[in-house]
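predicted model and sequence follow; I will ask about them next.
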Amino acid sequence: MAHTPQSILKTVFGYDDFRPLQAEIIDSVLNKNDTLVIMPTGGGKSICYQIPALIFDGLTVVVSPLISLMKDQVDQLRELGAPAIFLNSSLTPEAYRENMTLVRENKARLLYIAPETLLKPTVLGLLASARLDCLTIDEAHCISEWGHDFRPEYRQLAEVRSRFPKAVCIALTATATPRVRRDIKASLRLSDAGEFLDSFDRKNLFLRIAPKTDPWRQAIDFLNASKDGSGIIYCATRQQVDNISDALVRNEFSARPYHAGLPETDRTRNQEWFIRNDSGIIVATVAFGMGIDKPNIRFVLHYDLPKNVETYYQQIGRAGRDGLRSECLLLFGQGDVGKIKYFINQKQGQEKKIAYDHLDAMMDLAETDDCRRVPLLRYFGEQYAGENCGMCDNCLRTDEDLVDLTIPAQKFLSCVKRTGEIFGAVHIIDVLRGSENQRIFKHNHQTLSTYGIGGEYAKKQWLSLSRLFLRKGLMVQDGEFGSLKLTDKAWAVFRNEKKVLGRLQEETRPKPAARPADIDYDPRLFEGLRRKRKELADAANVPPYAVFPDKTLMEMAAYFPQSEASLPAIHGVGEVKLQKYGAVFLEMIRDYCRENDIEEVPKPASPAAGPRPSASSKPPSQRRPVVIGEAYNDGRSIADLATEFNIKQGTVIDNLYRYVQEEGGVLRPDGMEGLISVGPDLTQRAMESFEELGADRLRPVFDALGEEVGYDDLKLIRLIYLSG
Ligand code: ADP
Ligand code: ZN
């Protein structure tokens with residue numbers, strides 16, 4: 001059978017189409033033209049040398065500085081049935097010798113190797129006797145002193161290369177300014193002909209930059225919305241890393257720290273834990289990430305401001321390598337700007353100037369009202385061609401979102417004034433909303449004219465308004481006590497000389513990250529498949545994504561393949577994986593479909609240009625939560641629905657919750673109240689706790705109420721809460 005790049009793409013990797021540039025690059029390499037590839041992280045560089053390696057008769061050597069990644073990469077290739085091995089200092093002497101023998105006997109097609117290992121005379125000697133078809137230089141920017149990660153051993157690769165004139169050379173990197181590009185080409189003597197420069201735009205990353213107003217709450221909201229996918233939180237200092245990761249653990253998030261101050265063993269353990277798990281948060285300083293090749297990182301949160309755009313770009317770039325939607329949120333605080341400036345001011349001359357330029361570029365990005373991609377790509381010398389990317393906070397805003405907030409501003413500001421400018425936002429809001437808590441009576445604030453005049457907004461909305469008023473400079477906040485004080489601008493608002501226009505944000509809450517919009521799948525089946533994948537991965541001692549990428553499981557949970565014949569159509573199912581794992585996953589899917597009365601949905605043929613499945617498993621009108629939600633709103637009771645659908649009441653309630661959460665439905669509140677077994681006081685307290693702690697998880701509310709309200713009641717109260 002003739003192996004074409006296209007057939008290998010399908011049979012080995014299980015993918016239908018090449019991504020932009022991949023086919024051309026592979027052709028170039030197969031024609032033995034030296035090739036330079038500049039493609040953003042996640043662009044799909046690996047396939048560009050892996051497919052030629054599987055076609056060439058001889059050996060492909062892959063030089064990479066990332067020793068920690070090699071085992072992973074090689075494991076993934078072996079999972080695909082590709083004969084790959086590696087040589088570096090982490091191997092035991094026996095394993096090292098064994099791999100040398102495999103090369104000598106021409107039994108490996110891909111050899112991953114660290115530069116210092118490659119430079120050893122024994123290794124060079126061995127390769128001289130082998131047939132070398134391709135020399136791959138990964139992370140090629142390491143060759144340049146102008147890059148951010150110069151490795152002196154890389155300099156000597158030019159000499160190595162000249163020893164193997166018959167081997168084609170392919171150099172790849174994700175970050176290269178024009179200067180670094182020139183350097184790579186000059187050192188490796190690559191001609192212009194084989195240069196492939198992909199756009200730096202990472203289309204699947206949703207970029208959001210929000211004012212850092214209440215970082216901890218913002219972070220929690222962001223994490224809750226990201227459900228249980230895995231992600232990274234970047235902080236500026238080790239101290240901050242420790243604090244945040246401890247606080248997350250106390251709040252029952254699965255999180256671990258990573259910074260240079262931790263013992264090597266802890267760092268390795270935490271990194272390994274992160275890579276091996278499908279959910280989990282690494283809280284880290286910049287020290288984390290270089291050796292990370294995890295494709296399914298679903299979010300990156302910048303708790304503090306990165307020093308420059310390049311760092312920011314690299315760090316967000318670790319998310320979504322698998323091409324699925326991933327969320328990036330940066331909390332942008334003026335205080336952080338001040339801290340960075342403080343450090344810059346310790347520098348001198350040119351260095352200081354460069355650092356200021358970098359910071360300015362970062363500020364441009366953070367404060368722009370334009371598409372975030374415009375300043376971001378400009379930094380890499382690229383002009384963003386699109387008009388509205390649809391994947392950044394600014395592009396999703398419209399001018400219609402701007403509403404006249406003068407009246408709420410007047411209410412709020414006058415309440416600040418009347419309470420003596422010594423209280424923080426929470427108390428002001430309590431006064432406005434007519435709360436009956438202790439503090440109100442203690443200060444006699446129930447007698448104020450502003451008491452109870454702000455019932456039109458929920459607490460959360462008032463909080464976001466108060467941050468908006470701060471941002472607009474209508475008031476200032478005491479750094480230590482959080483008390484609010486009016487500015488001159490506030491007086492102009494009182495006198496009706498100045499209108500307050502703004503966006504009434506619900507919250508800085510992104511869409512659930514674990515559920516990219518482009519494929520609509522059954523989350524419960526997905527969860528089950530994911531658990532199975534983890535089991536299999538642990539048993540094989542490989543990371544879960546080496547078994548199947550997330551997208552494979554999503555497609556399985558969207559198209560419900562019922563037979564072995566339908567599996568190869570699923571993304572990421574090549575021949576070897578089909579044999580190895582097909583049966584296990586099929587069985588799970590079949591069982592699930594039988595229990596839930598679901599039929600297979602044929603996977604639509606992918607359009608020629610780029611695979612972007614947009615088919616949903618069922619039209620909304622047929623999805624169960626929708627059917628149940630709508631029937632309920634028509635007046636049917638929960639008990640009726642349980643009988644009608646022959647399911648438990650709890651299942652009806654779960655479906656109603658999904659109707660609200662996943663389908664954006666709204667429920668009539670009156671059908672739930674009667675089912676709640678606790679009194680109105682506790683119900684009210686539970687509602688307040690949902691308001692305060694968020695409604696994505698029940699546990700925090702359960703705990704906050706001293707376990708007085710059971711989960712069944714909490715589920716009902718949450719539904720009432722969410723239905724507003
Ligand atoms: P890079 O090295 O450029 O950061 P990778 O080579 O690791 O990117 O590829 C990123 C992800 O994209 C991997 O999960 C890979 O399997 C996947 N991928 C690469 N090419 C394709 C393709 N043509 N179709 C679908 N997925 C692909
Ligand atoms: Zn945009």
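Received it, and whenever you're ready, just let me know what you need. All values derive from a computational prediction rather than experimental measurement. Numbers count the residues shown, from 1 in each chain. Ligands and ions are numbered 1, 2, ... in the order given.

R325 versus whichever residue of the stretch 451-600 of the chain sits closest to ligand 1, what's the distance?
Here the stretch 451-600 of the chain gets closest to ligand 1 at one residue, P549, 5.4 Å apart by CB to the nearest ligand atom. Placement of C-beta: from N, CA and C, glycine included. Applying CB to CB, to the nearest Å, the value for P549 to R325 is 14 Å.

and for K203?
Relative to R325, and taking CB to CB, K203 is found at 9 Å.

out of the two, which sits in the busier spot?
R325 (22 against 16; other CB atoms under 10 Å).

downstream of the lowest-mean-pLDDT helix or strand in the chain, the next helix or strand is which one?
Least confident helix or strand of the chain, by mean pLDDT, DSSP states H and E, is strand 501-503 with a mean of 73. With elements assigned by DSSP states H and E, the helix or strand that comes after strand 501-503 is helix 523-540.

average pLDDT for that following helix?
For helix 523-540, mean pLDDT rounds to 90.

quick one: buried residues of that helix?
P523, L525, F526, G528, L529, R530, K532, R533, K534, L536, A537 (16 or more other CB atoms under 10 Å).

just to revisit the earlier point, give me the common contacts of K203 and R325.
With contacts taken as CB atoms under 8 Å, 6 or more residues apart in numbering, the residues that reach both K203 and R325 are M391.

return the residues of the stretch 401-550 of the chain in contact with ligand 1.
Taking CB under 6 Å from any ligand atom as the criterion, the neighbours of ligand 1 within the stretch 401-550 of the chain are P549.

ok, L127 - contacts?
So L127 contacts L59, V61, V103, F164 (CB under 8 Å, 6+ apart).

pick out the most distant pair among these.
Within the contacts of L127, V103 and F164 form the most distant pair, 13.8 Å apart (CB to CB).

highest neighbour count among the contacts of L127?
V61 (27 neighbours).

for the strand or helix carrying it, list the C-alpha coordinates in CSV.
Here V61 is covered by strand 59-63, with elements defined by DSSP H and E. The C-alpha trace of strand 59-63 is given here as CSV (Å, rounded to 0.1, in the frame of the first residue of the first chain):
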residue,chain,number,x,y,z
LEU,A,59,16.0,7.6,10.5
THR,A,60,14.6,11.0,11.5
VAL,A,61,16.5,12.6,14.4
VAL,A,62,14.6,15.1,16.4
VAL,A,63,16.7,17.5,18.5
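
which other helices and strands does that strand contact?
helix 46-55, strand 110-113, helix 115-118, strand 132-137 (3 or more CB pairs under 8 Å, 6 or more residues apart in numbering; DSSP states H and E).

how far off centre is the first one?
Which is helix 46-55. Chain-centre distance of helix 46-55: 28 Å, with CA atoms, centre = their mean, to the nearest Å.

so which elements touch that helix?
Here helix 46-55 touches helix 5-8, helix 22-30, strand 59-63, strand 132-137, strand 168-173, going by 3+ CB pairs under 8 Å, 6+ apart.

number of residues surrounding R378?
15.

an error on my part: the question was meant for L87.
As a burial measure, L87 scores 24 neighbours (other CB under 10 Å).

so how far is E98 from it?
In terms of CB to CB, L87 sits 10 Å off from E98.

repeat that for S563.
If you go by CB to CB, the gap between S563 and E98 works out to 40 Å.

that older thread, ok, the residue of the stretch 451-600 of the chain closest to ligand 1 touching D278?
No - P549 is not in contact with D278 according to CB atoms under 8 Å; the separation is 11.3 Å.

which neighbours do these two have in common?
N296.

hang on, the earlier thing: need the helices and strands packed on strand 59-63 in CSV with mean neighbour count and mean pLDDT, can you?
Compiled in CSV, the helices and strands packed on strand 59-63 are given as follows (neighbours: other CB atoms under 10 Å; pLDDT from 0 to 100):
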stretch, mean neighbour count, mean pLDDT
helix 46-55, 23, 97
strand 110-113, 26, 97
helix 115-118, 20, 95
strand 132-137, 25, 96
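
which of these sits closest to P295?
The minimum distance between P295 and those falls on helix 46-55, with 10.5 Å, by CB to CB.

residue in the stretch 351-500 of the chain nearest to ligand 1?
For the stretch 351-500 of the chain, CB to the nearest ligand atom, closest residue to ligand 1: F380, 15.5 Å.

ok, the stretch 101-250 of the chain next?
Closest point on the stretch 101-250 of the chain to ligand 1, by CB to the nearest ligand atom, is A174, at 6.1 Å.

likewise for the stretch 251-400 of the chain?
Taking CB to the nearest ligand atom, the stretch 251-400 of the chain has P295 as its residue nearest ligand 1, at 3.9 Å.

residues contacting that residue?
G42, R321, D322, Y545, P549, D550.

for the stretch 451-600 of the chain, what spans make up the helices?
459-471, 488-494, 523-540, 544-547, 550-559, 575-596 (DSSP state H, counting those that start in this stretch).

now for the third one, which elements pack on it?
When you say that, I think you mean helix 523-540. Partner elements for helix 523-540 (3+ CB pairs under 8 Å, 6+ apart): helix 544-547, helix 550-559, helix 575-596.

mind redoing it with 10 Å?
Judged by 3 or more CB pairs under 10 Å, 6 or more residues apart in numbering; DSSP states H and E, the packing partners of helix 523-540 are helix 67-79, helix 264-276, helix 544-547, helix 550-559, helix 575-596, helix 649-661.

now for the closest residue to R590 other than its chain neighbours, how many residues are close by?
Spatial nearest neighbour of R590, excluding adjacent residues (CB to CB, 6 or more residues apart in numbering): Q562 at 6.0 Å. Neighbourhood size, Q562 [other CB under 10 Å]: 16.

in what helix or strand does the residue nearest the centre of the chain lie?
The chain has F299 as the residue nearest its centroid, 2.0 Å off, counting by CA atoms, centre = their mean. Remark: F299 resides in strand 297-302, with elements defined by DSSP H and E.

so where's the stretch 151-300 of the chain shaky on pLDDT?
176, 191-193, 227, 291 (pLDDT under 70).

strands of that one, start to end?
Applying DSSP state E, counting those that start in this stretch to the stretch 151-300 of the chain gives strands spanning 168-173, 195-197, 205-211, 230-234, 255-258, 280-284, 297-302.

elements contacting the last one?
What that stands for is strand 297-302. So strand 297-302, by 3+ CB pairs under 10 Å, 6+ apart, packs with strand 205-211, helix 215-225, strand 230-234, strand 280-284, helix 309-316, strand 326-332.

hang on, the earlier thing: could you measure from the residue of the stretch 101-250 of the chain closest to ligand 1 over to G317?
From A174 across to G317, the span is 7 Å (CB to CB).

list the contacts of stretch 101-111.
49-50, 53-63, 73-74, 77-78, 82-87, 99-100, 113, 118, 123, 126-127, 129-134, 136 (CB atoms under 10 Å, 6 or more residues apart in numbering).

repeat that for 8 Å
Taking CB under 8 Å, 6+ apart as the rule, stretch 101-111 contacts 50, 53-54, 56, 58-62, 74, 77, 82-87, 99, 126-127, 129-131.

swap in stretch 391-408?
Under CB under 8 Å, 6+ apart, the answer for stretch 391-408 is 203-210, 325, 368-373, 388-390, 454, 456-457, 462, 465, 468, 493, 496, 499-504.

picking that back up, okay, the residue nearest to R590: pLDDT?
pLDDT, Q562: 90.
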